[in-house]
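Colleague: prediction below, plus the sequence it came from.
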Amino acid sequence: MKQTKIFDAVDRANELGFSSYDELIIGFSRMVVQKLKLTGLNIQAEKMKLWNKAIYEQAEPAAAYINGGRWLAKCPVCSNIEHVTPLHPYLFCHECTNEDIRQAARPVLFPQSEEIKKIEEALLKNDLFLPDELGKLYKDINTTDLARLAQPAPGYSRLDWSFS
């Protein structure tokens, strides 16, 4: 079984019904505010600002990496993991809401475009399998959730990559 692509935040946004990566960030922020209100944390909900599409280029950047066939980055402030995309190299953390930089997104470091292409092509050659009944249901791995669950076939490695 092969994974068809390395998934990124745009793919995740589409899976969750958002029209773009930016809409995913804003939509998740709204959900955090709603969750705070539902749990009675109205003061915290009122203090939280939604992302206004600002990017603070001087902020400490997050480094992109591939884990389980997905482009991810760890927030350098709180260590929360978010999906990211080379198409829009910025991260908004839904855990700390980038409060340290006034809810602006921070930059994400990716390899150069040609290097990304080489990395992805090399990883997509790996054979994978899905555990248990999932393998019977899917012939190709075609969602970010399935990519996370896929395991390398004997003799192959996981679809992981990070800066050395």
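Modeller: Everything's here; your move.
Colleague: can I assume residue 44 sits in a strand?
Modeller: No. With DSSP: H, G, I helix; E, B strand; the rest coil as the criterion, residue 44 is located in helix rather than a strand.
Colleague: in the biggest helix by length in the chain, what counts as buried?
Modeller: In the chain, taking DSSP state H as the definition, the longest helix is helix 21-38. If you call a residue buried by 16 or more other CB atoms under 10 Å, then helix 21-38 has these buried ones: 21-22, 24-29, 32-33, 36. Heads up, the C-betas are built off the backbone N, CA and C, glycines and all.
Colleague: what would the residues you listed look like in JSON lines with distance to residue 129 and pLDDT?
Modeller: Shown next, in JSON lines, are these (distance: CB to CB, whole Å; pLDDT from 0 to 100):
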{"residue": "21", "distance to residue 129": "30", "pLDDT": "96"}
{"residue": "22", "distance to residue 129": "35", "pLDDT": "96"}
{"residue": "24", "distance to residue 129": "29", "pLDDT": "94"}
{"residue": "25", "distance to residue 129": "33", "pLDDT": "94"}
{"residue": "26", "distance to residue 129": "37", "pLDDT": "92"}
{"residue": "27", "distance to residue 129": "33", "pLDDT": "91"}
{"residue": "28", "distance to residue 129": "31", "pLDDT": "84"}
{"residue": "29", "distance to residue 129": "36", "pLDDT": "82"}
{"residue": "32", "distance to residue 129": "35", "pLDDT": "80"}
{"residue": "33", "distance to residue 129": "40", "pLDDT": "80"}
{"residue": "36", "distance to residue 129": "40", "pLDDT": "83"}
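Colleague: quick check, nearest of the residues you listed to residue 111?
Modeller: Nearest to residue 111 out of the buried residues of helix 21-38 is residue 21 (CB to CB; 18.7 Å).
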